[in-house]
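> Here is a sequence with its predicted model. Questions after.
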Amino acid sequence: QVQLVESGGGLVQAGESLRLPCVASGIPFTHYDMGWFRQAPGKEREFISRITWNGGETYYGDSVKGRFTISRDNAKNTAYLQMNNLKPEDTAVYYCAARLSWRSDDFPYWGQGTQVTVSS
């Protein structure tokens, strides 16, 4: 059974930082690219970042470039999203997702999400 479990969300003030871990189980972690997405109320799901299976390549959405950093620790089956200089518009539920590294279609596995709220 595949499980992705996010944590680390919370209420912070603008300018502060949060680090979101995503622990994966039930998959061979090193076969999977990991992604982060977010969804704010009334808005569509937004791509945040992706990291390849070995951490060799990373990709970011325009809204978070230069502020967020994705990483992974394959020994711990964990992906991370470091979020710096948070803004109120970053308020959303954040989801991690997993996709086989040789696939380019949708992510089939998703976590339950963690709420991030940024106050001004």
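In hand now; what should we look at?

> Tell me which residues touch residue 67, please.
Contact analysis of residue 67 by C-beta atoms under 8 Å, 6 or more residues apart in numbering lists 83, 84, 85, 86. Just so you know, the C-beta spots here come from the backbone N, C-alpha and C atoms, and that holds for glycine as well.

> Centre-most residue in this protein?
Most central in the chain under C-alpha atoms, centre = their mean is residue 36, positioned 2.7 Å from the mean C-alpha point.

> Am I right that that one is in contact with residue 20?
Yes. Between residue 36 and residue 20 there is a contact at 7.4 Å, judged by C-beta atoms under 8 Å.

> Next, show the common contact partners of the two.
Residues touching both residue 36 and residue 20 by C-beta under 8 Å, 6+ apart: 81, 94, 96.

> ok, and the most crowded of those?
Among the shared contacts of residue 36 and residue 20, residue 96 has the most neighbours (other C-beta atoms under 10 Å), with 30 neighbours.

> quick one: pLDDT of that one?
Looking at residue 96, its pLDDT stands at 98.

> And it, its phi and psi?
As for residue 96, its main-chain torsions (degrees, to the nearest 10) stand at phi -100, psi 160.

> so who does it touch?
If a contact means C-beta under 8 Å, 6+ apart, then residue 96 has 4, 6, 20, 22, 34, 35, 36, 37, 79, 81, 110, 111 as its contacts.

> what do you get for residue 93?
Residue 93 sits next to 38, 39, 40, 113, 114, 115, 116 when contact means C-beta under 8 Å, 6+ apart.

> could I get the contacts of residue 96 as TSV with distance to residue 101?
Below are the contacts of residue 96 laid out as TSV (distance: C-beta to C-beta, whole Å):
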residue	distance to residue 101
4	16
6	20
20	21
22	16
34	10
35	12
36	16
37	18
79	13
81	19
110	17
111	18
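
> among the residues you listed, which are in strands?
Secondary structure from DSSP state E places 4, 6, 20, 22, 34, 35, 36, 37, 79, 81, 110 of the contacts of residue 96 in strands.
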